[in-house]
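Colleague: sequence-free structure coming up:
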């Protein structure tokens, strides 16, 4: 567990949006598990980062929430992507790709 | 756009807190439950699954806290909470809170009060037009006693020839020597008067409030008009505008009231009546011997006081060549007018200001100490709060709020203290400190002191928060109070105690020196026996006594009648009594030595007295004889001198039988018939002036001295009826016992001593509290260690010694530093001292001893507590 990395806020928002886009409405636990799985268990998402991030996205209008019931009938809050959220996801993803591309090229040239 | 939306939503988040908290609880517990279920699915036992889930997802409470922070606007949302919490903390620690608040409030209040006085006295501009460029000119002659004013002809020459002043004015405040009698239909009142040139009013930017000022012709001899002060107009002239233009008798001559000065205008100080210079006769206006005027000048732009003084001295040296007999030897002294107003109180105010500054420092140090000590005990609390998810910023904010609360309450209290202090100072200093008529607590000053206090508390508040929030919570929680005996913070506290002790010792040294000065002064003999002596002034309406002989007859008869009053042992008269602040000197030549012109002739204080003056006053006759009734009746050419005069002019020979000739009576050489003891005429701390006594002659103004066991009220009634039986037109006033005059002369010193010792006592209390606080805290932190020591066989007495020595070591270091500082700083108050060196080792030693004794008591209490530590309890304590 100690070798797992905490997620930073900026990237966590993007991961949440992407998760919701892919899986549709989902509760906090589901989002956390999904992100951890996708990272190949390299990331740990704890409440202290997850719920404030969800709240922030909600305040910014990118996601909305409503109470529902989980698979085994447990009461849970479900988050889903809004239209603004979808646009934001596109924008963020594009920015991120650009950033990584630049960084990749940068690291590449340094190495050669 | 989205961030605006975020803020709106966050603002909404400030409300309905509990609903939302419950919602979050639900959400998180659901999350946890799902995780546990999954762990069970993976094959863990229920207990394992729960434990693992908790570890996996981090601290629940800290998650909630950061969620809450995200939800509302953090500062606003938490500020109210912090305020509530801070208030609760302070309330639950009444000891800490009251000491901290009182300490700061006293420090701020004392500063606000003293600085307000300084502002009123030293900093506020004079109430005149453009006062900063006003200069006062006096003349000084090394052959004469003290500095004097300027003769009118000299002033006229300066006025016409100078190029440094825009305008000039001259005034003669006769208060020190002379009064006039204002004749009213029902009574005769003596009033203070001053003569002023017409330019005086324009120069100061003051005009009569009612009526008009003087006309150009009023500067020519023979003017018979006067201006009344607002107070005199109210008190004696009926306070109605109708009186303008009416005639009054001044010293028996008819003068017309031309106007009334505005209320609150009091310059030259104490003048009830202003007369034009034309009230002098022609010979007085051309008199080069009298030097009664003081000259005001307004400097031209770009000219400074020194240049002005140089130029006027140049003009004066031309006058000296033209009139060598009267004008040589004079030196002109120019200084800002403000200096004349403030004069001697400047030093003492600066000293007091320094003292309160130190008090504020000590107060701040004390609060720092208190808060540091408290912060250490709160380590655990902070660790818990941090474990529950309070961020570093949040902890700092919390402590800051508490600091602000303390500072705020202190400031409110300081306002009350300051106002009270000012009222006390006002009551003590009334009439004794110039320019203190109108003063109030100065807002800027209060703000300054409060700002300093707030900065202190913030600085102090934030330091432990920074330190604490860096503490690894696990460490603090597990190790308990033992761990935190951090060497560094103990060193800081020790340094604070040392500095506090040093500052306190400094203040104690100042107060000690003042005390010793007063003690030395009290031992000084005034040269006469003050007990049972009453003095009062009488003034004759001059016009009704045209011949000098009439005045002496009046006085002889009056003294005779006064001696006949039952209970009066002795009655005498003199033109000036000692300690009245009045003086008149005369120039003379010694027969048989070189006859010098007036300006170079030596001077001595000249007093005219009735024959039994020395016996009435209790002044010792050391050689020769005193005046006889016959000397008085025949106006014999005799003179009595004091020992100071004998020492000065006849250091090696016998003055008895020698002759003096006064410059003003060249045809009457007087034989020295006796030598009397020195009288401290100008204050116990002043040098003995050479004095010469002659039998009284023509007079308009006299002091009666009575030795009697009657109380002054009944004595005054008898004297008043005796005086009235001789002449109803004679004014009788200025009644005072000699004891009062003596004690009044010490009043400024007592004022300084009182305030300084008050401040020193305050500092001592603060320091003792500080030492006690640090030691008591140290003992409570070391209970465990002390328990072990005692369990291992340490004697209680050794523990006592250990703790006491720990405190006294700091005190000794502080005392040494304080004495070092005092030996430098007390030099600034050397002008306030008498008969004691500014570095008096006895005083320093005594106050150091006093401080050590007080500190020892402060150390003893916690040390006793340490000694009583029960090893079993102390070890079990954790």
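Modeller: Everything's here; your move. As the structure is a prediction and not an experimental result, all values here were calculated from the model.
Colleague: show me which positions of the longest helix along chain A end up buried.
Modeller: Criterion DSSP state H: the longest helix present in chain A is helix A:83-111. For helix A:83-111, burial by neighbour count (16 or more other Cβ atoms under 10 Å in any protein chain shown) applies to A:84-85, A:88-89, A:92. (Each C-beta comes from the backbone N, C-alpha and C, glycine too.)
Colleague: could you list which of those residues also contact chain B?
Modeller: A:84, A:88 (Cβ under 8 Å from any Cβ of the partner chain).
Colleague: same list (the buried residues of helix A:83-111) but as TSV, adding distance to residue B:723.
Modeller: What follows is these, written out as TSV (distance: Cβ to Cβ, whole Å):
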residue	distance to residue B:723
A:84	105
A:85	107
A:88	106
A:89	111
A:92	107
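Colleague: Provide the secondary structure category for residue A:53.
Modeller: Taking DSSP: H, G, I helix; E, B strand; the rest coil as the rule, one finds residue A:53 in the helix state.
Colleague: averaged pLDDT, the helix or strand hosting residue B:775. What do you get?
Modeller: If you go by DSSP states H and E, residue B:775 is part of helix B:747-781. When pLDDT is averaged along helix B:747-781, the result is 84.
Colleague: what comes up buried for that helix?
Modeller: B:748-749, B:751-753, B:755-760, B:762-779, B:781.
Colleague: following it, which helix or strand comes up?
Modeller: Next element after helix B:747-781 (DSSP H and E): helix B:783-791.
Colleague: what's the angle from that next one to helix B:747-781?
Modeller: 70 degrees (axes from the mean of the first three to the mean of the last three Cα atoms, to 10 degrees).
Colleague: show me what helix B:783-791 is packed against.
Modeller: Counting contacts by 3 or more Cβ pairs under 8 Å, 6 or more residues apart in numbering or on different chains; DSSP states H and E, helix B:783-791 is packed against helix B:796-825, helix B:871-876.
Colleague: that helix: how far from the chain's middle?
Modeller: 52 Å (Cα atoms, centre = their mean, to the nearest Å).
Colleague: can you mark which positions in that helix are buried?
Modeller: B:783-784, B:786-787, B:789-790.
Colleague: then stretch B:720-729?
Modeller: In stretch B:720-729, counting by 16+ other Cβ under 10 Å, buried: B:722-723, B:729.
Colleague: spatially speaking, which residue is in the middle of chain B?
Modeller: residue B:349 (4.4 Å; Cα atoms, centre = their mean).
Colleague: what mean pLDDT does the helix or strand that contains residue B:408 get?
Modeller: Under the criterion of DSSP H and E, residue B:408 resides in helix B:392-429. Averaging pLDDT along helix B:392-429 gives 82.
Colleague: same for it, what does it pack against?
Modeller: helix B:74-92, helix B:94-118, helix B:345-377, helix B:379-387, helix B:443-469, helix B:747-781.
Colleague: do that again at 10 Å, thanks
Modeller: helix B:60-71, helix B:74-92, helix B:94-118, helix B:345-377, helix B:379-387, helix B:443-469, helix B:747-781 (3 or more Cβ pairs under 10 Å, 6 or more residues apart in numbering or on different chains; DSSP states H and E).
Colleague: winner for burial among these?
Modeller: helix B:94-118 (a mean of 23; mean count of other Cβ atoms under 10 Å in any protein chain shown).
Colleague: picking that back up, how about the helices and strands packed on helix B:783-791 in CSV, adding distance to residue B:302, mean neighbour count and mean pLDDT?
Modeller: As requested, the helices and strands packed on helix B:783-791 are exported to CSV (distance: least, Cβ to Cβ, whole Å; neighbours: other Cβ atoms under 10 Å in any protein chain shown; pLDDT from 0 to 100):
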stretch, distance to residue B:302, mean neighbour count, mean pLDDT
helix B:796-825, 38, 18, 90
helix B:871-876, 78, 14, 72
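Colleague: so which of these is nearest residue B:388?
Modeller: helix B:871-876 (28.6 Å; Cβ to Cβ).
Colleague: for the nearest residue to the residue nearest to the centre of chain B once chain neighbours are set aside, which residues are in contact?
Modeller: Among residues not flanking residue B:349 along the chain, residue B:118 sits closest, at 5.3 Å (Cβ to Cβ, 6 or more residues apart in numbering or on different chains). By Cβ atoms under 10 Å, 6 or more residues apart in numbering or on different chains, the contact set of residue B:118 is B:124, B:345-346, B:349-350, B:352-353, B:356, B:439, B:442, B:445.
Colleague: closest to chain A among these?
Modeller: The closest of the contacts of residue B:118 to chain A turns out to be residue B:445 (Cβ to the nearest Cβ; 47.6 Å).
Colleague: please name the nearest non-neighbouring residue to that closest one.
Modeller: Nearest one to residue B:445, counting by Cβ to Cβ, 6+ apart, is residue B:115 at 3.9 Å.
Colleague: surely the one you found meets residue B:425?
Modeller: No. Assessed by Cβ atoms under 10 Å, residue B:115 is found out of contact with residue B:425, at 11.7 Å.
Colleague: between those two, what contacts are shared?
Modeller: With Cβ under 10 Å, 6+ apart, residue B:115 and residue B:425 have common neighbours residue B:352.
Colleague: re the thing from before, okay if I get the helices and strands packed on helix B:783-791 as JSON lines plus distance to residue A:80?
Modeller: Output for the helices and strands packed on helix B:783-791, formatted as JSON lines (distance: least, Cβ to Cβ, whole Å):
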{"stretch": "helix B:796-825", "distance to residue A:80": "68"}
{"stretch": "helix B:871-876", "distance to residue A:80": "59"}
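Colleague: could you redo the ones you listed as CSV and give each row distance to chain A?
Modeller: Shown next, in CSV, are the helices and strands packed on helix B:783-791 (distance: least, Cβ to the nearest Cβ, whole Å):
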stretch, distance to chain A
helix B:796-825, 45
helix B:871-876, 38
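Colleague: which of those helices sits closest to residue B:32?
Modeller: That would be helix B:871-876 among the helices and strands packed on helix B:783-791, by Cβ to Cβ, at 38.7 Å.
Colleague: lowest-confidence helix or strand of chain A?
Modeller: Here the helix or strand of chain A ranked lowest by mean pLDDT, DSSP states H and E is strand A:5-6, holding a mean of 56.
Colleague: and the helix or strand following that one, what other elements does it pack with?
Modeller: With elements assigned by DSSP H and E, the helix or strand that comes after strand A:5-6 is helix A:9-23. On a contact count with 3+ Cβ pairs under 10 Å, 6+ apart, helix A:9-23 meets strand A:26-27, helix A:28-38, strand A:43-44, helix A:47-59, strand A:63-69, strand A:75-81, helix A:83-111.
Colleague: in TSV, list these along with mean pLDDT.
Modeller: As requested, those are exported to TSV (pLDDT from 0 to 100):
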stretch	mean pLDDT
strand A:26-27	88
helix A:28-38	86
strand A:43-44	79
helix A:47-59	83
strand A:63-69	86
strand A:75-81	87
helix A:83-111	85
